[in-house]
Every structure is written in C-alpha cells, then in structure tokens.
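Participant: with the sequence up front, the predicted model follows.
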Amino acid sequence: MESLSPIAAGALGSLAAGMMTAVGAAPMLFVKRPGQQTQSVLLGFAAGVMLAASFFSLIIPGVDVLQAGGASQGWAAGTMAAAVLIGATVIGLMNRFAPVDMLAIGPAQSKHLARRIWLFIIAITLHNFPEGAAVGVSFGGGDMHQGLATALGIGIQNMPEGLAVSAAMASLGYGRGAAFLAALASGLVEPVGGLIGAGVVGASPGALPWGLGLAAGAMIYVVTAEIIPQTREQSKGDGSMIGLMIGLVGMMFLDIALG
C-alpha cells in the first residue's frame with residue numbers, strides 16, 4: 001500500500017476490514033437452521049457483541065479522537081453523550097413513527113419479531129459506516145502503518161459482528177446462504193465510509209466522533225429496547241443471557257487487546 005494515495009489506501013483498507021464480516025459469518029454456512037432456544041442464545045450473543053462494540057469500538061474511540069484534536073476531557077465526554085442520545089432518539093423515532101412494518105419480511109412466524117430483528121440488522125450495518133471512516137481517516141493522515149493497524153484491528157472485531165448478523169438472519173428463518181450474504185453486505189458499508197473518511201479528513205475532522213456516537217446510540221437503543229426483551233421472552237432458562245455475556249466479554253476482550 002506504500003505506493004497508493006491515502007484515499008485509495010483508505011478505501012482498500014476499509015474494504016478488507018469490511019470483508020472480515022464474511023469470515024465471521026462463515027460458520028453459519030455449515031450449521032443447520034437453529035431451533036428457537038438456539039436462536040435466543042445466538043441473538044443474545046449478537047446483542048452482547050453489539051453492546052461491547054458500542055462502547056469499546058465507537059464511544060471510547062470517539063472520545064480519544066476528540067481529545068487528540070484538543071478537546072478537554074469534559075467536552076469530549078459531553079460531545080459523545082450528546083451524539084449517543086441523538087442516535088438513540090433518531091432510531092427510537094423511526095421505530096415509533098416510520099412505516100417499519102415494511103421491515104417485517106422473511107419466514108419468521110412473528111411479524112413483531114421480524115421487525116425487531118431487521119431494526120437490529122440495520123443498526124449493525126449503520127455502525128459499520130463510521131468504523132470504515134475511522135480506517136479511512138487513519139490512512140488519510142498519510143501514516144500507512146497506523147492505517148494498517150487500524151484496519152487490522154477493526155477487521156478482527158468485524159468477525160463476531162458478521163456472526164451476529166448471520167445469526168439474526170437465521171433467527172428470521174432465512175437459509176444459510178442468505179444469512180451469510182447479509183453479513184457480507186453489512187460489512188461492505190465500510191469501504192464507503194472509508195472512502196469518504198479519507199477524503200474529508202482534512203476538511204472536517206470533527207465529524208468522525210459524531211458519526212461514532214450516533215451509531216453507538218442507535219445500536220444501544222435497538223439492543224436494549226428490542227432484542228434483549230425478546231430473547232428473554234423466548235429463552236427457557238438463562239441461555240440468552242449466557243449468550244449475551246459471551247458475546248459482550250468476547251468483543252470487549254478483542255477491543256481491549258487490539259487497542
């Protein structure tokens with residue numbers, strides 16, 4: 001990548017990171033359609049992954065970007081808090097007033113469940129955009145080594161997210177191929193964000209933390225208001241919560257270990 005322009009390197013780096021969602025989703029190609037109890041555990045796992053990603057992949061990096069730009073600790077915290085609240089409000093209003101019943105598609109028996117899961121998948125996909133932008137910004141600064149490290153870290157973190165999307169699609173009743181392709185499609189949002197992020201790093205560096213915070217707020221809302229209550233209703237025993245804790249701790253470990 002040394003010979004590439006920062007914008008081209010940012011686009012390719014974020015594409016590679018986004019493709020890692022397909023690697024994470026690959027196990028779903030080799031398993032049978034899960035039963036209801038297994039679906040609850042998988043959705044719980046997906047919820048845990050996204051809760052950890054909201055804080056460790058989005059909110060904390062957003063604070064770091066603001067402070068690196070000269071913001072005080074209090075200002076950075078307040079900015080991210082505002083972004084998270086706006087993101088949660090937007091997805092909440094969409095859930096309440098937008099014609100989200102159109103999202104209730106698929107073989108799932110419960111139309112209400114299908115709507116909830118589609119909102120979850122949309123939130124995961126939206127959060128990949130600022131992640132791709134973060135890769136693009138890293139390359140856009142001209143430091144290829146920093147860009148490669150960022151792309152590698154986000155790419156590895158995308159693996160459990162790909163599994164989360166494919167598990168959510170499987171819980172809707174879709175086949176293994178469709179679940180895999182949905183995970184791949186969610187990751188392909190990242191190169192779009194990477195291209196834009198690398199291109200605007202000089203013009204509007206303050207936009208990235210807001211994008212990270214908005215995505216975090218949207219995911220936190222969907223997971224806590226929609227997915228966790230649903231998995232608790234469906235699960236017999238503590239299977240969904242065990243899945244949630246495994247997903248949360250696993251994603252937390254990856255984020256902290258990879259810096």
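Facilitator: Yep, that arrived. Numbers count the residues shown, from 1 in each chain.

Participant: which residues touch the residue nearest to A167 when sequence neighbours are not counted?
Facilitator: The shortest distance from A167 to any non-neighbouring residue, by CB to CB, 6 or more residues apart in numbering, is to L42 (3.7 Å). C-beta coordinates here come from the backbone N, C-alpha and C atoms, glycine included. Shown in contact with L42 (CB atoms under 8 Å, 6 or more residues apart in numbering): 34, 167-168, 170-171, 243.

Participant: just G62 next, same as before
Facilitator: Contacts of G62 (CB under 8 Å, 6+ apart): 76, 79-80, 83, 208-210, 212-213, 216.

Participant: mind checking the longest helix of this protein?
Facilitator: Ranked by number of residues, the top helix in the chain under DSSP state H is helix 111-140.

Participant: can you give me the helices for the stretch 101-250 of the chain?
Facilitator: In the stretch 101-250 of the chain, helices defined by DSSP state H, counting those that start in this stretch lie at 111-140, 144-171, 176-187, 189-200, 207-222, 228-234, 239-258, listed in chain order.

Participant: compare the contacts of G62 and tell me which is most surrounded.
Facilitator: When neighbours are counted by other CB atoms under 10 Å, L212 leads the contacts of G62 with 31 neighbours.

Participant: what sits against it?
Facilitator: By CB under 8 Å, 6+ apart, the residues touching L212 are 58-59, 61-62, 65, 80, 83, 130, 134.

Participant: and the contacts of L42 as JSON lines, adding pLDDT, neighbour count and distance to G18?
Facilitator: Shown next, in JSON lines, are the contacts of L42 (pLDDT from 0 to 100; neighbours: other CB atoms under 10 Å; distance: CB to CB, whole Å):
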{"residue": "P34", "pLDDT": "62", "neighbour count": "16", "distance to G18": "25"}
{"residue": "A167", "pLDDT": "79", "neighbour count": "28", "distance to G18": "18"}
{"residue": "A168", "pLDDT": "77", "neighbour count": "26", "distance to G18": "18"}
{"residue": "A170", "pLDDT": "78", "neighbour count": "25", "distance to G18": "21"}
{"residue": "S171", "pLDDT": "72", "neighbour count": "27", "distance to G18": "23"}
{"residue": "G243", "pLDDT": "85", "neighbour count": "24", "distance to G18": "25"}
